[in-house]
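Peer 1: Predicted model and sequence below, questions to follow.
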Amino acid sequence: MLLTEGLSVRLGGVPVLEGVGMTAQPGVLTAIVGPNGSGKTTLMRALTGEIGYRGRIALNGAEIRDLRPGELARIRGVLPQSGGLSFPFTVHEVVRLGQEAGAEPLRADGPGAALVRVGLGDYAHRLYQELSGGEQQRVQLARVLAQIGSPVSPEGRPRWLFLDEPVSSLDIGHQLLVMGLARDFAAAGGGVVAVMHDLNLTAMFAASVLLMRKGALAEQGPPERILRDDLLSATYGCRIRVGVAPADAVFLLPHSCAHGVGG
Amino acid sequence: MKTIRLIPMLALIAGMIGAPAPAQQTGGRIVSLGGSVTEIVVALGASDRLIARDTTSTWPAEVNRLPDVGYLRALSPEGVLSLAPDLILAEADAGPETAVEVLKSAGIAYVRLPEAHDPQGVLQKVAMVADALGLQAEGAALSARLSSDMAVAEARAAAISPKKRALFVLSAAGGRIMAAGQDTGAEGILTLAGAENAAQGFTGYKPMSDEAVLAAAPDVVVMMDRGGDHSAAAEELFALPALAGSPAAASKALVKMDGLLLLGFGPRTAEAANALHDALYPAD
Amino acid sequence: MATPAPGNAAPVRSGDRSPRARRLCLVLVLLMLVMSALSLGAGASDVSASDSFGAWLAGRDLPLRDRIVLFDIRLPRLAMGLLVGAGLAVSGALMQGLFRNPLADPGLVGVSAGASLGAVAAIVLGGALPAGLGLLPAAALVPLFAFAGGWVAVILLYALATRGGRTSVATMLLAGIALAALANALVGVMIYKASDAALRDITFWSLGSLSGAHWSKVVLAAPLILTALLLSPLLARGLNALALGEAAAMHMGVEVQRLKRGAVLAVAAATGASVAIAGGIGFVGIVVPHLVRLASGPDHRWLLPNAALLGAVLLAGADIVARLVVAPAELPIGIVTAIAGAPLFLWILLGQRIRLEG
């Protein structure tokens, strides 16, 4: 599992995270939500080993800062928020980069299989830079899936997916596809931690929600406990009313949201 | 590929140790590097033995027909070798060093002549070229003639008083004056022509500040003739703020002469000194 | 964008360009052999390489002049051309990968400016050095100083751009510009101090040439350039990942700091040694990697070796032109590569603009 204790991060001398203690379990999708500037992305960067921190971050029992990038790459994959690429690689080549970075033996059909999973089966020959933003985001996901391989290592330890706003450029159909892939990964025994802006999708797919506020963890718990009118209204600084939809419903139609109320 | 190249490389190293270059009868096929060297060879009557020259060898006109091996500081060893010379006569600064080494290793006699800025240097070069060509008698005759000619020039120079202060301007491109200081051929020829170098305090050819030129206050400016309209060039030069107030500007005293003639320090140096003297002191 | 449903067995065209890159590699190896043969056979003199090698292999004695032309002039020159071409092209590819920009060149890390300063200092001050250095032959002075100058510049730049164990590529870029300006100013001071002959030497040095080729220079530069060439494939996977950004590369297991250090050191070694023995030869570092990317994609595992081969082939070819066009004299090779490279470079720029705007 993933666990932090007293996690603090300063960026350029400014404290951005203070005393975060959270846990994420394999087997379920854990969502990190919160308003802009609340520290979601910084928390993600600390959890993935990208930036230095004080306190503890234990992933499968090992302290993140003690692991080499190569060791980390075999137990967790990271989907970036934006996917710039500086040279004209083909989609196949981008996904293969992920596969080469991972723990599992290379399979010739690896990139192709990962592309099929994200719905880009016949995009292998296309140049990445010529795709739309949403297509690029799915290629990146295929690249991460190819890197991480199966959700559980041969030794029976969970592998982890860290997704930074995985559906930000996607249409509703692909949002469901991608979130479904993430949930399936978790259901097969892997761990998934995703920074989410869309609280509806969070409600639908996450089993655990971390609510960030001003660089600290405000609440952690199952969605029905976190996604409450009072908590969300206070955190996001506007009146939010949560309604319950039928299990198979996708859209939640919000009431008007007035800034400056609560907070 | 790599191994194929390696084999001859090793063989070469072995060959270097074992085979010194054989001595040969030299001087039948001469490559001359440097304008003054070529002039000396011609003055010794050996022009028929010249097979090639460098870019700076432009006098007498007949040598321009010879193949040009390029600028004497950027020689191509194979280019020179391809002409199958057996003697290379070179001015002091011919190069690059590695090319010279390769040429020497090919068994070609290579005679490096010293740099000269005065009559003694000219005579030394003549003697060395004559030795290398086996023309000692001709060399002695030429030396005697040049020596007496240059003695005449020196005597004329010594007789002049007061001496004019001359500024040798290598280039005035963009209004920036590049002048000859101490230790230059230009100063040598000015001295031999009976003038004083107005530029003092630095060696070689350097850009001079306007104020330094102003302070030098030359009576006359000497330049290399690169063609073009003489009077227009003089007007442009003396319009420069640094020179406008100089005595030279007042009398429009600009002397332009062929660069190789002036600075070559070869057989024509006495001629150059006399011509420059006449131009500097027209009433004389 | 019509996207088939997952699982739909649409025919998947591969998108894998490594077979093409492998074929290109083979073609380039053959081209290099051909160019080498041409280079050994071409020159101002009429020495035939095949006859002479045949005679030499058969154990017969060669005329001294033929032996010199082949073994002391053309062979070291070919070796230098291949090494320098490969070194500059691989340096360019490494720099472009590191800076994530196809227009980066080794000049960005200060090697060229530092090497220029070293070379010019050696040319100008060569005669006036302390007695200890007098032991070195004059011919070795310029390359040694150029190489040292390049290294000092790179190490300085790397130190300036590294804070807390992280090197900022952006800082390197900016500090590189400042450092190059400083080096150029010092070159200006040297030029001011230079004699007339030294000035002309500086001019010719900056144009680049293989005409001073000599085994001593090959021996000096070969270990450095070959080491950089042979170690560069170790950086290939990291550079590929770096194309996705520094964070993504780290996420994919790349030790980014080690990658940067390796790339900078390799470039310093290869470019430093190349510039030291051949002077300023432009455009190889930019144009060659670009051509290889056009032909077989940006995968550094193939880009690096193929750029090395193409750089070697092109520089050996440019040298043939340089030595034949005005024989028995010769052109500085930097002129040949610039005349061929500059229009190509413009074409690249225009192509990019069209692509960005279109």
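Peer 2: Cool, got the structure.
Peer 1: Would you map the helices across chain B?
Peer 2: Here chain B has its helices, by DSSP state H, at B:2-18, B:35-43, B:77-81, B:97-105, B:119-133, B:136-159, B:185-192, B:210-216, B:230-238, B:241-244, B:247-250, B:259-263, B:269-280.
Peer 1: Poorly predicted segments of the chain, please.
Peer 2: Looking at chain A here, since you left the chain open. A:108, A:247-263 (pLDDT under 70).
Peer 1: um, chain B though
Peer 2: For chain B, the stretches flagged by pLDDT under 70 are B:1-26, B:284.
Peer 1: Count the residues that sit near A:Glu71.
Peer 2: Number of residues near A:Glu71 (other C-beta atoms under 10 Å in any protein chain shown) recorded here: 14. Heads up, the C-betas are built off the backbone N, CA and C, glycines and all.
Peer 1: swap in the one 10 residues further on?
Peer 2: The local packing of A:Gln81 (other C-beta under 10 Å) involves 16 other residues.
Peer 1: Give me the phi and psi angles of it.
Peer 2: As for A:Gln81, its main-chain torsions (degrees, to the nearest 10) stand at phi -70, psi -50.
Peer 1: what about it, distance to A:Ala73?
Peer 2: As for A:Gln81, its distance to A:Ala73 is 19 Å (criterion: C-beta to C-beta, to the nearest Å).
Peer 1: Repeat that for A:Leu211.
Peer 2: 30 Å.
Peer 1: Double-check that A:Gln136 belongs to a strand.
Peer 2: No: counting by DSSP: H, G, I helix; E, B strand; the rest coil, A:Gln136 is located in no strand; its state is helix.
Peer 1: isn't it right next to A:Tyr128, touching?
Peer 2: Yes: when contacts are counted by C-beta atoms under 8 Å, A:Gln136 is listed as touching A:Tyr128 (6.5 Å).
Peer 1: Give me the common contacts of those two.
Peer 2: A:Leu85 (C-beta atoms under 8 Å, 6 or more residues apart in numbering or on different chains).
Peer 1: Ramachandran coordinates for the residue nearest in space to the middle of chain C?
Peer 2: When C-alpha atoms, centre = their mean is applied to chain C, the residue found nearest the centroid is C:Leu88 (0.7 Å). Dihedral angles of C:Leu88 (phi, psi; degrees, to the nearest 10) stand at phi -70, psi -40.
Peer 1: and it, what does it touch?
Peer 2: C:Pro106, C:Ala270, C:Thr271, C:Ser274, C:Ile281, C:Val284, C:Gly285, C:Val288, C:Gly311, C:Leu315.
Peer 1: Out of the residues you listed, which one has the weakest pLDDT?
Peer 2: On pLDDT alone, C:Pro106 ranks lowest of these, at 78.
Peer 1: Spit out the contact partners of that residue.
Peer 2: C:Leu88, C:Ser91, C:Gly92, C:Met95, C:Ser112, C:Val267, C:Thr271, C:Gly285.
Peer 1: Could you provide these in a markdown table, with additional columns for secondary structure?
Peer 2: Listed next are the contacts of C:Pro106 as a markdown table, based on three-state DSSP:
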| residue | secondary structure |
| --- | --- |
| C:Leu88 | helix |
| C:Ser91 | helix |
| C:Gly92 | helix |
| C:Met95 | helix |
| C:Ser112 | helix |
| C:Val267 | helix |
| C:Thr271 | helix |
| C:Gly285 | helix |
